[in-house]
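*Asks:* Quick one, what's the 3D model for this:
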Amino acid sequence: NFSHKKKADNIIFFCPSIGEGGVEKNLITISNYFSKKGISTNLITANKNKKKEFSNKIKFISPKNNFWDNKIIFFKNLVCIYLLIINFYNKNFKIISFKSNILALILAKLFYKKVVIRSNNSPDSFSNSFARKVFFRLFFKLADKIIVNSFDFQNLFYKKFNIRPIMIYNPSFNKKKIIRKSKEKIKFNFFKKIKELKIISVGRLVKQKNHILLLNALNNLKNKIRFKCIIIGKGNKYSFLKEFIRSKKLEKKIKLLGYKKNPLPYILKSDVFILTSIHEGLPNVLIDALTLSKKIISSNCKTGPKEILLNGKGGYLFKNDSQKDLEKKILLMMRNYKNNKKIYLGKKYLTRFDENLNCKKYLELMITL
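*Replies:* Predicted structure coming up:
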């Protein structure tokens with residue numbers, strides 16, 4: 001019902017640093033959808049190396065070389081300030097920010113333009129003191145709209161900042177695409193024994209993802225269950241986790257596979273997906289695992305997992321950062337292994353995260369702003 005081209009100015013997707021996580025996956029999906037619908041779509045980033053991920057209909061605005069790809073966020077922010085000024089000075093535009101939200105808010109207000117920011121992580125992860133709470137509240141009030149990706153997130157945000165954001169689920173669910181990508185051929189024999197529980201965890205190897213909790217739990221259970229576990233991801237905890245595996249003599253049971261552009265074939269070969277995060281936004285990878293009919297054990301962290309897993313009806317939830325409860329849920333899942341009711345219920349309600357449905361909500365918000 002919207003006349004897209006008539007009502008929309010230049011839409012600028014602002015994301016100074018593009019990595020490999022869920023935020024970036026959503027950025028790619030949503031911006032490509034905008035361009036497909038004929039919107040004047042622009043992307044400002046310091047990561048020239050990511051251009052191939054986006055539609056060629058998008059005006060990809062980045063430095064001319066790859067020098068800035070791996071620089072720290074401070075320098076990437078400076079580059080993107082420059083890129084926005086030289087490309088859009090005296091032009092009509094609206095900003096939708098996926099990262100560096102404070103910077104995007106300041107730039108929009110300096111240019112007297114509309115700005116939408118997307119908050120990606122639970123407020124508890126960045127506003128854990130009174131001073132930080134006041135600081136972020138002041139800046140968030142500058143935004144024309146704020147988007148969060150779960151109702152739990154929305155309620156927590158309101159409680160923290162007395163600002164009620166708009167809830168739009170991640171456009172994560174595209175059944176045909178997920179199944180097609182999961183069938184990509186890979187050389188992988190670590191899961192070859194039928195009678196071993198095949199465990200997988202996917203996520204950046206950083207403190208937030210809390211992989212050490214999983215390793216400690218599996219080390220404690222190694223004489224109680226037969227298992228193999230793979231962890232996919234890269235990050236600053238790689239050496240620490242690898243040394244733990246070596247010190248506990250778990251090399252034959254647990255492997256760190258590093259970053260994989262497409263982890264879906266590995267999820268397909270697994271039996272159970274375990275997420276141990278301390279906090280999240282809305283973890284897309286749980287939606288992928290459910291789509292592929294995998295059992296799920298997840299921390300009941302803020303925010304997202306509880307909502308995806310229907311408060312435990314679509315998967316097992318354990319107390320956040322509790323090794324004891326994680327071990328308990330692994331053993332409980334093993335005792336009820338043949339019961340697939342949780343998988344059935346979890347999959348039944350995945351249409352909430354439908355790609356086209358939620359991309360359309362982003363589009364309608366931006367063109368009516």
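*Asks:* where exactly do the strands run in the stretch 101-250 of the chain?
*Replies:* For the stretch 101-250 of the chain, applying DSSP state E, counting those that start in this stretch gives strands covering 114-118, 145-148, 166-167, 197-202, 227-232.
*Asks:* Nearest to Thr276, out of these?
*Replies:* strand 197-202 (6.9 Å; C-beta to C-beta). Using the backbone N, CA and C atoms, a C-beta is placed for each residue, glycine as well.
*Asks:* And that closest one, what does it pack against?
*Replies:* helix 211-221, strand 227-232, helix 264-268, strand 272-275 (3 or more C-beta pairs under 8 Å, 6 or more residues apart in numbering; DSSP states H and E).
*Asks:* phi, psi of Ile95?
*Replies:* phi -110, psi 140 (degrees, to the nearest 10).
*Asks:* Contacts only, for the residue nearest to Leu268 when sequence neighbours are not counted.
*Replies:* Of all residues not flanking Leu268 in the chain, Ser182 sits nearest, at 4.3 Å (C-beta to C-beta, 6 or more residues apart in numbering). Taking C-beta atoms under 8 Å, 6 or more residues apart in numbering, we find Ser182 in contact with 264-265, 267-268, 292.
*Asks:* from those residues, which two are the most distant?
*Replies:* By the measure C-beta to C-beta, Pro265 and Leu292 form the most distant pair in the contacts of Ser182, at 9.8 Å.
*Asks:* In terms of neighbours, single out the busier of those two.
*Replies:* Leu292 (20 against 16; other C-beta atoms under 10 Å).
*Asks:* Leu264 is in contact with the more buried one, correct?
*Replies:* Yes: taking contacts as C-beta atoms under 8 Å, Leu292 lies within contact range of Leu264: 7.1 Å.
*Asks:* Overlap in contacts, the two.
*Replies:* Common neighbours of Leu292 and Leu264 are listed as 178, 182 (criterion: C-beta under 8 Å, 6+ apart).
*Asks:* Show me where the protein dips below the pLDDT cut-off.
*Replies:* 1-8 (pLDDT under 70).
*Asks:* redo that, cut-off 90
*Replies:* 1-9, 19-22, 90, 120-130, 192-195, 281, 302-303, 369 (pLDDT under 90).
*Asks:* Which residue lies nearest the spatial centre of it?
*Replies:* Gly22 (2.5 Å; C-alpha atoms, centre = their mean).
*Asks:* wait, isn't that one in contact with Val202?
*Replies:* No: contact criterion C-beta under 8 Å: Gly22 and Val202 do not qualify, at 10.2 Å.
*Asks:* what residues are shared contacts of these two?
*Replies:* Jointly contacting Gly22 and Val202 under the rule C-beta under 8 Å, 6+ apart are Val285.
*Asks:* At which residues are the helices of the stretch 151-300 of the chain located?
*Replies:* 151-161, 175-182, 211-221, 238-247, 264-268, 284-291 (DSSP state H, counting those that start in this stretch).
*Asks:* For Lys109, find the nearest of these.
*Replies:* The nearest among these, by C-beta to C-beta, is helix 151-161 at 17.9 Å.
*Asks:* Give me the helices and strands touching the closest one, please.
*Replies:* Here helix 151-161 touches helix 130-140, strand 145-148, strand 166-167, helix 305-308, going by 3+ C-beta pairs under 8 Å, 6+ apart.
*Asks:* Indicate which one of the ones you listed is closest to Cys359.
*Replies:* For Cys359, the closest of these is strand 145-148, at 12.4 Å, according to C-beta to C-beta.
*Asks:* How far away from the center of its chain is that closest one?
*Replies:* 16 Å (C-alpha atoms, centre = their mean, to the nearest Å).
*Asks:* what does stretch 206-225 give?
*Replies:* Relative to its chain's centre, stretch 206-225 lies at 22 Å (C-alpha atoms, centre = their mean).
*Asks:* Buried residues, it. List them.
*Replies:* 206, 208-219, 221 (16 or more other C-beta atoms under 10 Å).
*Asks:* From Asp271, how far out is the residue nearest to Lys195 when sequence neighbours are not counted?
*Replies:* Counting by C-beta to C-beta, 6+ apart, Lys195 lies nearest to Arg226, which is 6.3 Å off, once chain neighbours are set aside. Distance of Arg226 to Asp271, given as C-beta to C-beta, to the nearest Å: 12 Å.
*Asks:* now Lys192
*Replies:* 13 Å.
*Asks:* Between the two, point out the one with more neighbours.
*Replies:* Shown here are Lys192 and Asp271; by other C-beta under 10 Å, Asp271 has more neighbours (17 against 10).
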